[in-house]
Structures are given as C-alpha cells and as structure tokens.
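Enquirer: let's see this in three dimensions:
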Amino acid sequence: MAINTSERMGLRSERLMVKTAIATTRILLGVFFIVSAIANTIHFYDKGGLLETVTTSKLKLWGLGFEGIGPLPPFMALPYAYLLPPAELIVGVLFVINRWVRWAGIVMMLMLFSFILAFGLVGPNGLFPNNESSWDKNVFLLTAAWICAAYDDFRVKRHNGS
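Expert: Numbering: from 1, shown residues only. Down below sits the predicted model:
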C-alpha cells in the first residue's frame, strides 16, 4: 500500500513534534540539575544545607509515616555529599549540550532514585501534601530522565544501524 504525500508529511511533522518534546524535556532537566548543583554548592555548609541533610537525615524509604533508618554512616554520607553537586552539574551540562545522554541519564536516574529513598516515595502527609516536597517531583523527573536516555539510546542505535 502506497503512502500518499499528505500522510508522509503528517509522519514527518509527528516525528518533529516528538523530537522537539524530547529535546525540550532534556534541556529543562539539564537546567534543573545545573541550578540544583549551584544551589547545593552555595548552601553546602548552611544550616539545613546539603552536608547537614546528608549526614543527619534518616532515609525515609517508602514514606507513609515510616520514621526512617539511618542516618548514613560517615564513610557513605561524606563522599555522597561532596560528589553530588559536581555530579548534578556534569549530568545537567551533558543533557543541555546533548552529549552522552544515555550515560548521563543513568547517573541522573540513580541520583533521583537516591532522593526517593532519602525522602520517601510518599511523604508523611500522603500523596497530596500542602506546600511540602513530595514524591511526585522526583518520580516525574526520574521518568523524564528515563525517556530522554531511552530516546538517545534508540537514536544512537538507529544511526549506527544496530
């Protein structure tokens, strides 16, 4: 069955919309991680800053009123705290410049998963908290990072003919 010109144009515009949506998501995620790296660096030693949070907070895991375990022992907490801002900056820049998105996406997903473990999948006030950080941001960011990494993997394999 032959595809007429208007159907081909429709497929092209559909592909362009998908590429544009993924590129926009990738760039916004990258900017978010760059800004987060800057904020974590600026407020690293502040009261309630990254260093204090990582070294004193309990892991909430699934949330829902679970008080958590921990805090992390210093041999894990200190490297995590000191490596998080540079890692956020690197993966953010790689996403913005569209380089090694698959690998940066994997690192980004691991970071987001660690945030979910730290703050809980569901906060103490349930799924719809009032003006408090909750699972939805990290889960949606993790999903968006996965989509960008998966698309980059697809694009690279298609380009290489694998």
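Enquirer: name the helices or strands packed onto the lengthiest helix in the chain?
Expert: The residue-count maximum for a helix in the chain (DSSP state H) belongs to helix 5-42. Other helices and strands packing on helix 5-42, by 3 or more CB pairs under 8 Å, 6 or more residues apart in numbering; DSSP states H and E, are helix 74-97, helix 101-119, helix 135-160. C-betas here are computed from N, CA, C, even on glycine.
Enquirer: starting at the chain centroid, how far to that helix?
Expert: Put simply, helix 5-42 sits 14 Å off its chain's centre (CA atoms, centre = their mean, to the nearest Å).
Enquirer: tell me the helix or strand right after that helix.
Expert: Heading C-terminal from helix 5-42, the first helix or strand you meet, by DSSP states H and E, is helix 50-56.
Enquirer: and that next one, average pLDDT?
Expert: Predicted confidence along helix 50-56 averages 89 (mean pLDDT).
Enquirer: give the other helices and strands that that helix contacts.
Expert: Using 3+ CB pairs under 8 Å, 6+ apart as the contact criterion, the neighbours of helix 50-56 among helices and strands are helix 74-97.
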